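Student: have a look at this prediction, sequence included:
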Amino acid sequence: MALPSQALADTAAKSCITREEAQDIVTFALPTAVQAVDGMCRKVMPPQANFSATAEMLVKQYQPSSDAAWPRTRVTLNKLLAQGDDPAKNVLAGFLASDDPTALRTFVTAMVAGKPIKLKACNAIGRVLPLIQPMPAQNMAGLFEFVIESMTEEKEGKKPSPFTICPAPNAGQ
């Protein structure tokens, strides 16, 4: 599972995507990521935490936007893969070969759920979910894209970000 994500990260480090393309990827991944975190937090949080109810509402809220973002996300990910020569990209390309995003959603779930989560992190996420619940998917994607863009500044000794956002045309002003 780590090979395709590393291939994408390696390829993305060599190229950039627009803010809109990054937002499409985030919009596509939102409900799947929320589901994956919900599944992990159910294991460590007490049932009365009401975490899952809020997560389920977010998934239902974000799913239509995710479905709409799939065609653009697929184009962007294929663009990134076309710029690399890592053999693991063939695995990720297989996820993108279908018009059905189910395989890629399964991959996203495995990437998110493959990392252990602690009760403290679930409690923090549980506090944030009700705050973001009124935000439409477009705003959430814009917020995440901003965070990703802010984190992509070159830092010596740091692992490259999965996305490099192209500089905005007015970045110097």
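Tutor: All right, it came through fine.

Student: CA-only coordinates of stretch 106-116 in CSV, if you can.
Tutor: Backbone C-alpha positions of stretch 106-116 (Å, rounded to 0.1, in the frame of the first residue of the first chain) are rendered in CSV as follows:
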residue,chain,number,x,y,z
THR,A,106,-10.3,1.9,-0.7
PHE,A,107,-6.7,2.9,-1.2
VAL,A,108,-7.3,6.2,0.5
THR,A,109,-9.0,4.4,3.4
ALA,A,110,-6.1,2.1,3.7
MET,A,111,-3.6,5.0,3.7
VAL,A,112,-5.5,6.8,6.5
ALA,A,113,-6.5,3.8,8.5
GLY,A,114,-3.0,2.3,8.2
LYS,A,115,-1.7,4.7,10.8
PRO,A,116,-2.4,4.1,14.5
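
Student: burial measure for residue 72, as a count.
Tutor: Residues lying near residue 72 (other C-beta atoms under 10 Å) number 16. In short, each C-beta sits where N, CA and C put it, glycine included.

Student: can you show me the helices along the protein?
Tutor: 2-14, 19-42, 51-82, 89-96, 102-113, 119-132, 137-151 (DSSP state H).

Student: let's have those helices in JSON lines, adding distance to residue 165.
Tutor: Shown next, in JSON lines, are the helices of the chain (distance: least, C-beta to C-beta, whole Å):
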{"stretch": "helix 2-14", "distance to residue 165": "10"}
{"stretch": "helix 19-42", "distance to residue 165": "6"}
{"stretch": "helix 51-82", "distance to residue 165": "12"}
{"stretch": "helix 89-96", "distance to residue 165": "20"}
{"stretch": "helix 102-113", "distance to residue 165": "20"}
{"stretch": "helix 119-132", "distance to residue 165": "21"}
{"stretch": "helix 137-151", "distance to residue 165": "4"}
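
Student: between the ones you listed, which gets nearest to residue 168?
Tutor: Nearest of the helices of the chain to residue 168, taken as C-beta to C-beta: helix 19-42 at 7.0 Å.

Student: helix 102-113 and that closest one, what's the angle between them?
Tutor: Here the directions of helix 19-42 and helix 102-113 differ by 60 degrees (axes from the mean of the first three to the mean of the last three C-alpha atoms, to 10 degrees).

Student: now the angle between helix 51-82 and helix 19-42, please.
Tutor: 140 degrees.

Student: buried ones in helix 19-42?
Tutor: By 16 or more other C-beta atoms under 10 Å, the buried positions in helix 19-42 come out as 19, 21-38, 40-41.

Student: alpha carbons only: can I get that helix in CSV?
Tutor: This file holds the C-alpha atoms of helix 19-42, laid out as CSV (Å, rounded to 0.1, in the frame of the first residue of the first chain):
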residue,chain,number,x,y,z
ARG,A,19,-4.9,25.2,-6.2
GLU,A,20,-8.1,24.1,-7.9
GLU,A,21,-6.6,20.7,-8.7
ALA,A,22,-5.5,20.3,-5.0
GLN,A,23,-8.9,21.2,-3.9
ASP,A,24,-10.5,18.7,-6.2
ILE,A,25,-8.3,15.9,-4.7
VAL,A,26,-9.1,17.0,-1.2
THR,A,27,-12.9,17.2,-2.0
PHE,A,28,-12.7,13.7,-3.5
ALA,A,29,-10.9,12.3,-0.4
LEU,A,30,-13.0,14.1,2.3
PRO,A,31,-15.8,11.6,2.9
THR,A,32,-13.4,8.6,2.7
ALA,A,33,-10.9,10.1,5.1
VAL,A,34,-13.7,11.0,7.6
GLN,A,35,-15.0,7.4,7.3
ALA,A,36,-11.5,6.0,7.9
VAL,A,37,-10.9,8.2,10.9
ASP,A,38,-14.3,7.4,12.3
GLY,A,39,-13.5,3.7,12.0
MET,A,40,-10.2,4.1,13.9
CYS,A,41,-11.7,6.3,16.6
ARG,A,42,-14.6,4.0,17.2
